[in-house]
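Student: Quick one, structure for this:
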Amino acid sequence: MIDRETVLNVAKLSKLELTEEEVEVFSKQLGDILRFIEKLNELNTEDVEPFYELINQATPLREDTPKESLSQEEALRNAPQKEDGFFVVPRVVG
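Tutor: From the prediction side, this is the model:
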């Protein structure tokens, strides 16, 4: 089990606000995860080839054909908030 202070520190770094109940649950879960990773580290993978076949395959691409784009009105039609022809989104930079 991971101690309460470690869970709160991870939550702070992750910008999460946790209830006391969540701190208890996550302290057990984080401990379980770390024990699982330790167990994986015990495996002998010396003769195991790395799995990378998918990287070497070509990615299928579609034809790049010009099409008519959406009008500004169509693009903004379902926007929850819009102002002066633009999407309004929450500020993400302080």
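Student: next one: phi and psi at Leu8?
Tutor: Phi and psi for Leu8, reported as degrees, to the nearest 10, are phi -70, psi -40.
Student: For this protein, name the helix or strand with the lowest mean pLDDT.
Tutor: Ranking every helix and strand in the chain by mean pLDDT, DSSP states H and E puts helix 53-56 at the bottom, with a mean of 60.
Student: Dihedrals phi and psi, Glu83?
Tutor: The phi/psi pair for Glu83 (degrees, to the nearest 10) reads phi -150, psi 130.
Student: Neighbours of it, how many?
Tutor: When neighbours are defined as other CB atoms under 10 Å, Glu83 has 9 of them. Where you see a C-beta, it was placed from the backbone N, CA and C, and this is true even at glycine.
Student: how near is the residue nearest the centre of the chain to Val25?
Tutor: Centroid-nearest residue in the chain: Ser14, 11.5 Å away (criterion: CA atoms, centre = their mean). Going from Ser14 to Val25 by CB to CB, to the nearest Å gives 15 Å.
Student: what's the answer for Thr19, then?
Tutor: Using CB to CB, we find Thr19 at a distance of 9 Å from Val25.
Student: who has more neighbours, these two?
Tutor: More crowded of Thr19 and Val25, by other CB under 10 Å: Val25, with 13 against 8.
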